[in-house]
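>>> Below is the sequence, then the predicted model.
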Amino acid sequence: MQNLERLLRQSDHRPYPAYKALRGRYTFPLYTLSIDHVQGDPFAAPSSLSIRIDAARHGFPKEYYDTPHRRIMLQDLLLRGFHRELGKYSHKAKGSGKSGTLSVSACGQEVLSRSALSIDPAAGTMTVRFSAGFPAAGRTTLAMELMAMLMEYVPAAVKHSLFSRSIPAEEVSRWISLADDQKAIREQLAKSGLVAFIADGSILPRKSGVDDTPMKDAIAFTSPAEDRVTLTLPKGRTITGLGIHPGITLIVGGGYHGKSTLLSAIERGIYNHIPGDGREYVITEDTAMKVRSEDGRSVKKLDISAFIRDLPNGKDTACFSTEDASGSTSQAANTVEAILSGSRTLLIDEDTTATNFMVRDALMQSVIHPEQEPIIPFYSRMRGLFEQKGISTILVAGSSGAFFHVADRILQMKDYRPIDVTTIAKAAAEKAGAAEGDQSASFVAKASSGELSFRDSRIPLPNRDILDSRKVKVRGSGTDSVSLNHESVELRFVEQIVDHEQTNLLGLLLRSLEEDYFNGKALLTECVEALYRKLREGGFDQIPSTPCNLAMVRRQELWAMVNRYRALKLKA
């Protein structure tokens, strides 16, 4: 601290580069402060700092961080507290540009592993990464303002948020207990033969389209008796709710009755949620992937022949490429890519699909013969996907009863409450007419005949435009896109990306693929899997010069980004 104070006094009212001398580590009574990167001027991105606290100092018991699920939950709790405390002091120091800013990752409703705060499971050392805008008047340093930031404001924020004595013990215990419950449910999904679980009493509606907190006075979720399951929680407790089994589950109902709200909750159930979110006990198997149409996306040499074949222009759908996919070809590509990424459950909302990709009714079949239609509708493939590949489908539908013929379970949403109408819907489908029923069944049987095969034999080549660049720049734009130099990758329709810090990580992973893995020899599958395995085993430390603003992603989102990368070069 004395060295830091001396250097600050020496750098006061000098040209801004004088701050560069502050880089280094400084011992404070309760922690070590490290100034890792100093911004070039007060208008540039803020400086990067980090704090290390020994286990003996922070005082959290080892059993709270020696297992991944508890550690991630504890890290999330502490990061939220530090963000709250640090925000009290941001901009108290004055100056030009970004002077006086103090910031750290802001967490949403989901619990994510983030680079901003980590606890070493063996040593118990806590590392916190954050940003600070070093103050200046114009381009002249205001080191006394910076001294207040580093010697008063930051220590106060640390003291009130990062030590066991700073947080009520019952609050920490509540979060850790929830992490144990969520882990128990996830472990029971496969054992109980479920792909998703929605607990009774859950609050699924959100406050608004831009506010992901629970809606006030919302109707609590209640499972139908026919589909209610009971799962076991730690300490002999139990929990009841809707259990969705493998196979084909159809969610139907009138408009504004909660169909899409239920699917959205299931879609987000791949993540754990914080106490009070309302979806704490909505748990989905972790490979589930939301699939939709995506007009205009890029597709690179992908085999979509399981869904589209015999195009009039003679284009090869076993090695299909386009820079401007239609609704149907984009959804076919998204479906195949989800399967190749290892997804065992496909989540689909009729409102965001290409109608001609999803279904063709009996009347249309009677006019346009199946042999004249290149598209094999998804409803004719659903049964084969499950029976041959073990891939389940959860589908929201409101306009076509054709799905009744292939669904295993049909749930009607009424006033945000599900009703099991499987028997009624199946009877109605049969009663609708032998001609329609027989024609639909015949079409499904014919279209579904034969073995479904999904292989990826693409080999990526190094992109010289990227590799020959003096410096490869990675930029993220919210959750909508990421860019590598001037090449932007559109991600706004990859709907299970929930945080811009996940997009930041995806951009760095894409750079790593280009620099270290795309060599013209290994399959794209091998490249992506090798990088993802390295990330999962080594964490954020595998990312060179780890920034303070990264959040973990799944294999599915990494695959989704690579497949939308227009600059991807493939071997002929």
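Arrived safely, thanks for sending.
>>> and after the least confident helix or strand in the chain by mean pLDDT, which helix or strand comes next?
One helix or strand of the chain scores below all others by mean pLDDT, DSSP states H and E: helix 434-448, with a mean of 49. Beyond helix 434-448 on the C-terminal side, the first helix or strand identified by DSSP states H and E is strand 460-461.
>>> Please name every helix or strand in contact with that following strand.
strand 569-570 (3 or more C-beta pairs under 8 Å, 6 or more residues apart in numbering; DSSP states H and E). Any C-beta I mention is one placed from the backbone N, CA and C, and that applies to glycine too.
>>> got the contact list for the one residue sitting closest to the centre of the chain?
Geometric centre of the chain, nearest residue: residue 497, 3.5 Å, by C-alpha atoms, centre = their mean. Listed by C-beta atoms under 8 Å, 6 or more residues apart in numbering, the contact set of residue 497 reads 479, 491, 503, 506, 553, 557.
>>> Just send these back as a markdown table, with pLDDT and distance to residue 169 too.
Below are those laid out as a markdown table (pLDDT from 0 to 100; distance: C-beta to C-beta, whole Å):
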| residue | pLDDT | distance to residue 169 |
| --- | --- | --- |
| 479 | 96 | 36 |
| 491 | 97 | 41 |
| 503 | 96 | 36 |
| 506 | 96 | 38 |
| 553 | 97 | 33 |
| 557 | 98 | 36 |
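>>> could you dump the residues you listed to JSON lines with neighbour count?
As requested, the contacts of residue 497 are exported to JSON lines (neighbours: other C-beta atoms under 10 Å):
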{"residue": "479", "neighbour count": "19"}
{"residue": "491", "neighbour count": "23"}
{"residue": "503", "neighbour count": "26"}
{"residue": "506", "neighbour count": "27"}
{"residue": "553", "neighbour count": "25"}
{"residue": "557", "neighbour count": "22"}
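>>> Where do the strands of the stretch 301-450 of the chain begin and end?
320-322, 345-349, 392-396, 409-414, 417-420 (DSSP state E, counting those that start in this stretch).
>>> Buried residues, the longest one. List them.
Think strand 409-414. Buried residues in strand 409-414, counted by 16 or more other C-beta atoms under 10 Å: 409, 410, 411, 412, 413.
>>> Can you find which helix in the chain contains the most residues?
helix 169-191 (DSSP state H).
>>> Can you give me the end-to-end span of stretch 93-111?
Using C-alpha to C-alpha, to the nearest Å, the end-to-end distance of stretch 93-111 comes to 32 Å.
>>> Name the residues of stretch 74-87 that are buried.
So stretch 74-87, judged by 16+ other C-beta under 10 Å, has buried residues 74, 75, 76, 77, 78, 79, 80, 81, 82, 83, 85, 86.
>>> number of nearby residues for residue 406?
Number of residues near residue 406 (other C-beta atoms under 10 Å) recorded here: 23.
>>> what's the distance between it and residue 383?
Applying C-beta to C-beta, to the nearest Å, the value for residue 406 to residue 383 is 5 Å.
>>> thinking again about what came up before, name the nearest of the buried residues of stretch 74-87 relative to residue 3.
residue 86 (23.6 Å; C-beta to C-beta).
>>> ok, now which ones touch that closest one?
Contacts of residue 86 by C-beta under 8 Å, 6+ apart are 102, 103, 104, 130, 153, 154, 157.
>>> cool, residue 60 as well?
For residue 60, the contacting residues are 74, 119, 124, 164, 172, by C-beta under 8 Å, 6+ apart.
>>> so when I look at the residue nearest to the centre of the chain, I'm seeing a helix, right?
No. Residue 497 sits outside any helix when classified using DSSP: H, G, I helix; E, B strand; the rest coil, being coil.
>>> can you tell me how far it sits from residue 377?
28 Å.
>>> Please apply the same query to residue 178.
42 Å.
>>> Compare these two and say which one has the larger neighbour count.
Counting neighbours by other C-beta under 10 Å for residue 178 and for residue 377 shows that residue 377 has the greater number, 24 against 20.
>>> Can you check what pLDDT the model gives the spatially closest residue to residue 414 that is not a sequence neighbour?
Leaving aside its sequence neighbours, residue 414 sits nearest to residue 257 (C-beta to C-beta, 6 or more residues apart in numbering; 5.5 Å). Predicted confidence (pLDDT) for residue 257: 94.
>>> what residues are up against residue 257?
413, 414, 415, 416.
>>> any idea how far the third one lies from residue 254?
As judged by C-beta to C-beta, residue 415 and residue 254 stand 10 Å apart.
>>> Now, the buried residues of stretch 74-87 that are in helices?
Filtering the buried residues of stretch 74-87 for helices - DSSP H - leaves 74, 75, 76, 77, 78, 79, 80, 81, 82, 83, 85, 86.
>>> Looking at those, spot the one nearest residue 287.
residue 76 (22.3 Å).
>>> got a list of what the closest one touches?
By C-beta under 8 Å, 6+ apart, the contact set of residue 76 is 107, 111, 112, 114, 175, 274.
>>> Quick check, pLDDT for the closest residue to residue 286 other than its chain neighbours.
Among residues not flanking residue 286 along the chain, residue 270 sits closest, at 5.2 Å (C-beta to C-beta, 6+ apart). Here the pLDDT value assigned to residue 270 is 98.
>>> measure residue 270 to residue 96 for me?
Distance from residue 270 to residue 96, by C-beta to C-beta: 43 Å.
>>> between these two, which one's more packed in?
For residue 270 and residue 96, the more surrounded residue by other C-beta under 10 Å is residue 270, and the numbers stand at 23 against 18.
>>> For residue 57, see how far away that one is.
Taken as C-beta to C-beta, the span from residue 270 to residue 57 is 35 Å.
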